[in-house]
Structures are given as structure tokens and as C-alpha cells.
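Student: pasted the sequence and its predicted model underneath.
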Amino acid sequence: MDMPNREDQVKALSNETRIEVLRVLDQPMRHFSGQESADPVETGVCVQMIAEHFGVSQPTMSRHIELLRRAGFIATKRQQKWTYCQRDEAALSDYAGWFAQSLNIKTP
């Protein structure tokens, strides 16, 4: 895994919508079980469905997704004309560990 750009990661998490995107992608079947084009767990969740979930336009959500992708927090894949997203658990765990260590946060 390449060294993550911490500035991109901090920027990605500086917006409540992007944080909430990561939250809902943690349980894709709970939030996106109606997705018919692909299995939301195996393939990921379509950007259009995420946009609809948040009541924003697809271009607006695509911008949020791009910032999360650049930070390494989600992986995207294209299938035909759709883009699907999944959380990158290893990257999120790495960031959480780095953040805690950087601020000398004691974990139980």
C-alpha cells in the first residue's frame, strides 16, 4: 500500500456528508438493499443510489466520492455506465491508528 496523503485524508473527513457516506457504506445491505444492478456488498453501491440516499445531485455526490477515493477511504469500480463504491477498511483503520498516535490518544 502506498503511503497515504494525510492532507487528502483530513480534507475528506472535514465534511459531514462524506463522513456519513462512509457510515452508510459500512452497512450497504441495510441502506441500499434495493440496488438491483449489482450486489451492494460484493460489487459496492452505485454512486447514483448514494446521491439519491442523500438527496443531492449525482455530480455533487461524485465530487464527494472523488475526495474519499483520493484519500484512499473508498475504492471505486466501473461496470458499464455505473460507478460502484466500497469502503477500504484497511485504509480507514490505518488512518484511525495514525490519528490516535499523532494526538497521543490512549486506546483501551
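Tutor: Here it is on my side, so go on. Residues are numbered from 1 along each chain as shown.

Student: switch to C-alpha atoms for all contacts and neighbour counts from now on
Tutor: Will do.

Student: where in this protein is pLDDT low?
Tutor: 1-2, 107-108 (pLDDT under 70).

Student: ranges for the helices of it?
Tutor: 6-12, 16-26, 28-32, 47-54, 58-71, 89-102 (DSSP state H).

Student: pull out the buried residues from the first one.
Tutor: Within helix 6-12, the residues that qualify as buried by neighbour count (16 or more other CA atoms under 10 Å) are Asp8, Gln9, Ala12.

Student: identify, from these, the entry nearest to Glu89.
Tutor: Gln9 (13.8 Å; CA to CA).

Student: which residue is the nearest non-sequential neighbour of the closest one?
Tutor: Closest residue in space to Gln9, ignoring its immediate chain neighbours: Ala71 at 4.6 Å, by CA to CA, 6 or more residues apart in numbering.

Student: doesn't Asn5 make contact with that neighbour?
Tutor: Yes - with contact defined as CA atoms under 8 Å, Ala71 counts as touching Asn5 (6.7 Å).

Student: more neighbours, those two?
Tutor: Neighbours per residue (other CA atoms under 10 Å) separate Ala71 from Asn5, with Ala71 holding more: 23 against 11.
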